[in-house]
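[1] Attaching a predicted model along with its sequence, questions to come.
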Amino acid sequence: MTAPSLSLAAPEGHPLAQAVAISLAVRGTSLERVPLRQPVDLADDTALRLTCRRAAQPQVVLRDPLAMLDLTEDLHPDQPLHPRDPVRRAEHREGLALVRTVFPVLDQVCNAKAPRELDLAIHLLRSRLTRIETLLASAQATSGSGFSLLDTLLAPLLWRLKALDEVFDSFLLIGFGRLEARAGWLLARPEVRGELPAARRLDLPRQAWERGALVARRDEQPDWSAALGPEAAEPVPENNLLWRTLNTKVRSIGDGGALR
């Protein structure tokens, strides 16, 4: 069977689109990108469209990101990222659905403006992360190569959580040793780094700051360079008002002190 050509339309930098791109990148499969001119909304993945074109066949458009990930798996039977065993495969799919639900909760964390609102959002976030941590404790969460389809969705999530922790000292990953270790392993992989560009790593912290979210309180100076890595060594133009404004240290969790 001839492999279809794939075209993904999505807001640039959307985490579910990044997951699809990572799944194809680790297999060396090309993907056409169609960036949509709309902001990324972590709570909404309905704008994503994956168009599949095959010779002498009507084109198919997928709208469900998990169906898109399933397609990347089925197109590469010789490079499986799902477990082969049907029961483990079903468990793996459930894990993907779980990780998908974390993004809207993270959106709540990054929009909360009252201490109680932030505490509730962080409680829900940590509850979901606890379930993922438990899943990672099982060898069933990985494929034979160690890298799994679950990792394609975990990578964009952990990338964002690490950026928030490093800029705002938000401690969102504190106590999750397996997730911390997984983040280090995943974000060191070239295929993953290629789909999670360093130039966009500050997007979520900056948006939280601009919205006046409590997770990005401005009573101290945020260390934006912490999330930039090597890019932090680049000189910042003195006339760059945005960077001078953003270059202030921020305390993370609100007056409720949920994670102190």
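    Arrived safely, thanks for sending.
[2] Can you list the residue ranges for helices in the stretch 1-150 of the chain?
    For the stretch 1-150 of the chain, applying DSSP state H, counting those that start in this stretch gives helices covering 15-25, 65-74, 86-109, 115-136, 149-168.
[3] how close does the residue nearest to A55 when sequence neighbours are not counted get to R54?
    Of all residues not flanking A55 in the chain, T2 sits nearest, at 6.3 Å (C-beta to C-beta, 6 or more residues apart in numbering). Quick note: C-beta positions are derived from backbone N, CA and C, even for glycine. With the distance defined as C-beta to C-beta, to the nearest Å, T2 ends up 7 Å from R54.
[4] These two - which one has more neighbours?
    Set T2 next to R54 and count neighbours by other C-beta atoms under 10 Å: R54 wins out with 13 against 8.
[5] can you tell me which residues contact the more buried one?
    Residues near R54 by C-beta atoms under 8 Å, 6 or more residues apart in numbering: 2, 4-5.
[6] Just give me the closest of those to A21.
    Checking these against A21 with C-beta to C-beta, the nearest one is S5 at 14.8 Å.
[7] confidence score at the closest one?
    Predicted confidence (pLDDT) for S5: 95.
[8] Look up which residues are beta-bridged to it.
    Listed by DSSP bridges, the beta-bridge partners for S5 are R53.
[9] Same check on P11?
    L36.
[10] ok, so what distance separates it from D44?
    9 Å.
[11] Over to R116?
    Using C-beta to C-beta, R116 is found at 25 Å from D44.
[12] Kindly report the same for S170.
    Relative to D44, S170 is positioned 23 Å away (C-beta to C-beta).
[13] the more surrounded of these two?
    Taking other C-beta under 10 Å, S170 and D44 do not tie; S170 has more neighbours (24 against 15).
[14] Pop out the phi and psi values for that one.
    phi -80, psi -20 (degrees, to the nearest 10).
[15] Could you do A198 as well?
    According to degrees, to the nearest 10, A198 has phi -60, psi -30.
[16] Share the number of residues neighbouring it, please.
    13.
[17] what's the answer for R193, then?
    With other C-beta under 10 Å as criterion, R193 counts 15.
[18] One more: P77?
    7.
[19] just for the stretch 1-150 of the chain, where's the confidence low?
    Scanning the stretch 1-150 of the chain for pLDDT under 70 picks out 1, 139-145.
[20] Try it again at 80.
    Where the stretch 1-150 of the chain drops to pLDDT under 80, the residues are 1-3, 138-145.
[21] one step back: save the contacts of R54 as JSON lines, and put in distance to S23 too.
    Converted to JSON lines, these look like this (distance: C-beta to C-beta, whole Å):
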{"residue": "T2", "distance to S23": "20"}
{"residue": "P4", "distance to S23": "15"}
{"residue": "S5", "distance to S23": "16"}
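[22] Done for today, thanks.
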